[in-house]
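Asker: model this:
(one chain, ligands or ions: 1)
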Amino acid sequence: MKFFVDTADTKDIADLAATGLIDGVTTNPSLIAKSGRPFAEVIAEICALVDGPVSAEVVATDYDGMIKEGRKLAKIANNVTVKLPLTLDGLKACKTLTGEGTQVNVTLCFSANQALLAAKAGATFISPFIGRLDDINLDGMELIQEIRQIYDNYLFDTEILAASIRTPNHVKLCALVGADVMTAPPAVIKSLVNHPLTDKGLETFLADAKKAGIKV
Ligand code: G3P
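Answerer: Residues are numbered from 1 along each chain as shown. Here you go, the predicted structure:
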């Protein structure tokens, strides 16, 4: 499973990219706003930090506006993935932009039928939002499972990019049900390494090494 980091904070991205564990980045207008920096400038900087896809989202809601913004975003760097909302205009724009060779991430997916439409529109990635479904008492992971089944039934190439990941358990379940990619905030990705028995075991090994005067 590929790991994307869901942030527009370039310091966090640089730190995680240095681990070699990050395959791409996702942003959205809320994350760009949080960075307090100009859109094009922050996307260009992120694209230089990672080799993989960097999702940059349009803010237009009509087809012509999305195409104009999508083409502008795609020119920033060749690893830009244009992020489009899951609306009829967004799907139409997806078809056009992917036809031009631009990678597209169709976002704000909350149902299996929406994911089916995105695949038919040629989306490179579909972004189902797990946490936001869980927030309203629905099962976000069940949606990932349904999309996996549908895409496998028809051999769609669209990659399932599980988004709105809030916990380490979300990450594990995504891997178990076969999401292609998961995107999570830096803190969630960093927390995956934690285990109290690892800390305890390391403490004992180091204490024993010190006592015995072991040097490597
Ligand atoms: O980038 C979209 C998604 O990951 C947002 O997550 O936590 O705001 O629902 P969240």
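
Asker: how far off centre is the host helix or strand of residue 40?
Answerer: Element membership for residue 40, per DSSP states H and E: helix 39-49. Put simply, helix 39-49 sits 16 Å off its chain's centre (C-alpha atoms, centre = their mean, to the nearest Å).

Asker: and the helix or strand that that helix is followed by, which strands flank it?
Answerer: Counting by DSSP H and E, the next helix or strand C-terminal to helix 39-49 is strand 54-57. Here strand 54-57 is paired, per DSSP bridges, with strand 24-26 (parallel), strand 80-85 (parallel).

Asker: for the ligand, see how far away residue 76 is.
Answerer: Note on residue 76: its distance to the ligand, by C-beta to the nearest ligand atom, to the nearest Å, is 18 Å. Backbone N, C-alpha and C define where each C-beta goes, glycine included.

Asker: name the SS class of that residue, please.
Answerer: The local conformation at residue 76, judged by DSSP: H, G, I helix; E, B strand; the rest coil, is coil.

Asker: shouldn't it be in contact with residue 45?
Answerer: No - at 10.1 Å, residue 76 does not count as touching residue 45 under the criterion of C-beta atoms under 8 Å.

Asker: got the residues of the protein near the ligand?
Answerer: Neighbours of the ligand within the chain, by C-beta under 6 Å from any ligand atom: 6, 26, 28, 129, 131-132, 163-164, 166, 183.

Asker: and residue 99, how many neighbours?
Answerer: 9 (other C-beta atoms under 10 Å).

Asker: same check on the one 3 residues further on?
Answerer: Residue 102 is flanked by 19 other residues according to other C-beta under 10 Å.

Asker: are any of the residues of the chain next to the ligand buried, and which?
Answerer: Buried members of the residues of the chain next to the ligand, scored by 16 or more other C-beta atoms under 10 Å, are 6, 26, 28, 129, 163-164, 166, 183.

Asker: for those residues, give me JSON lines that also has secondary structure.
Answerer: Shown next, in JSON lines, are those (three-state DSSP):
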{"residue": "6", "secondary structure": "strand"}
{"residue": "26", "secondary structure": "strand"}
{"residue": "28", "secondary structure": "coil"}
{"residue": "129", "secondary structure": "strand"}
{"residue": "163", "secondary structure": "strand"}
{"residue": "164", "secondary structure": "coil"}
{"residue": "166", "secondary structure": "coil"}
{"residue": "183", "secondary structure": "strand"}
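
Asker: now the strands paired with strand 54-57 as TSV including mean pLDDT?
Answerer: Output for the strands paired with strand 54-57, formatted as TSV (pLDDT from 0 to 100):
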stretch	mean pLDDT
strand 24-26	98
strand 80-85	98
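
Asker: now for those, which one comes closest to residue 68?
Answerer: Comparing the strands paired with strand 54-57 by their distance to residue 68 (C-beta to C-beta), the top pick is strand 80-85, with 11.3 Å.

Asker: so after the closest one, what's the next helix or strand?
Answerer: Downstream of strand 80-85, the first helix or strand assigned by DSSP H and E is helix 88-99.

Asker: tilt between that next one and strand 80-85?
Answerer: Interaxial angle, helix 88-99 versus strand 80-85 (axes from the mean of the first three to the mean of the last three C-alpha atoms, to 10 degrees): 160 degrees.

Asker: got a list of what the most centrally placed residue in the chain touches?
Answerer: Centre of the chain computed as the mean C-alpha position; nearest residue by C-alpha atoms, centre = their mean is residue 183, 3.2 Å away. Going by C-beta atoms under 8 Å, 6 or more residues apart in numbering, residue 183 touches 3-6, 24, 26, 127, 161-163, 165.
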